[in-house]
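Asker: Provided below are the primary sequence and the corresponding predicted coordinates.
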Amino acid sequence: MVLPADDHVHSEWSWDAPGGSMERTCARALDLGLPAVAFTEHADYTAWIVLAGELDDHEHLKAFVTSDGTLAPPALDLDGYLECVQRCRDQFPQLRIISGVELGEPHWHSGVAASLLKAGQFDRVLGSLHCLPFEAGFSEPPNLYRRRPAAEVVREYLAEVPRLIKGFDAFAVLAHIDYAVRFWPSQAGPFDPREFEDEFRHALRELADSGRALEVNTRGQVHPEIIRWWRDEGGTAITFGSDAHDPTALAHGFHEAVAVVEAHGFTSGRHTHDFWTRSG
Ligand SMILES: [Zn+2]
Ligand SMILES: [Zn+2]
């Protein structure tokens, strides 16, 4: 099997990836036989409310907590990042290295996000939703699940996705539509995407109508239903993203994800690094 490009990877240039390494990720990509890697570093502008104990498994993130109890992500070092991309392109000429960025909630921060895109001239732009409104601010799903019924969190997340799509048109790929599902609490029973079919279909239809691509994010479980609904709602393009935050997670789960995507009629493009598209 020829693996697709890994179109969603973080390196040491992402604020939450201290174990990342662009250089070692490139070396690993060649070992795995990947045709291309996109380094889509975080650009997050939403400060989110941190609850007690939330970061206990993520010590390295505590440095970004401000005196008001929110986590304020630091800015992307664009010059450092772009220089590193160039160094790696020189060092690994056999690998296609795609420059990129993962914009968090760009529809709430369209001015700064647009400025970054202008300055960075990235090859690949991912649009992401990580936070939702919470009390007087914002929060990530783990906290939202502590305060609200699990199904409500997923519904709120999927309702915000169309607002992200309509509110910011300068991203090409919607990242992890199932981000909230990663944190689904076990006490709510097994997650069943069919319970949220209408909400998923609505978000997928908005994405398809906007002409953008859906990412199959392999950090969580891949749900075949979502690929099927994407096809049904008119979606034509798919990317694969491991969302790796260190080199060992590169292309994690790609064999299984490729099998699911192929079973729904999508195939690789003319070039191995292209988006996958509907074959019929
Ligand atoms: Zn993300
Ligand atoms: Zn990511």
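Answerer: Sure thing, it's come through. Ligands and ions are numbered 1, 2, ... in the order given.
Asker: number of nearby residues for residue 27?
Answerer: Neighbour count of residue 27, defined by other Cβ atoms under 10 Å: 16. From N, CA and C alone the C-beta is placed, and that goes for glycine too.
Asker: what does the helix or strand harbouring it rub up against?
Answerer: Using DSSP states H and E, the element containing residue 27 is helix 22-32. Helix 22-32 has contacts (Cβ atoms under 8 Å, 6 or more residues apart in numbering) with 3, 6, 9, 11-13, 36-37, 39, 84-85, 87-88, 91-92, 94-95, 97, 244, 247-248, 250-251.
Asker: Can you mark which positions in that helix are buried?
Answerer: 22, 24, 25, 26, 27, 28, 29 (16 or more other Cβ atoms under 10 Å).
Asker: Contact residues of the chain facing ligand 2?
Answerer: 102, 243 (Cβ under 5 Å from the ion).
Asker: okay, now the residue in the chain that ligand 2 sits nearest to: neighbour count?
Answerer: When scored by Cβ to the ion, the chain has residue 243 as its residue closest to ligand 2, at 4.4 Å. The tally of other residues near residue 243 (other Cβ under 10 Å) stands at 23.
Asker: Low-confidence ranges, the stretch 151-280 of the chain, go.
Answerer: Filtered on pLDDT under 70, the stretch 151-280 of the chain yields the residue ranges 280.
Asker: Contact partners for the closest residue to the residue of the chain closest to ligand 2 other than its chain neighbours?
Answerer: Counting by Cβ to Cβ, 6 or more residues apart in numbering, residue 243 lies nearest to residue 219, which is 4.1 Å off, once chain neighbours are set aside. The contact partners of residue 219, taken as Cβ under 8 Å, 6+ apart, are 176, 182, 242, 243, 249, 252, 253.
Asker: Just give me the neighbour total for residue 83.
Answerer: Residue 83 has 11 neighbours, counted by other Cβ under 10 Å.
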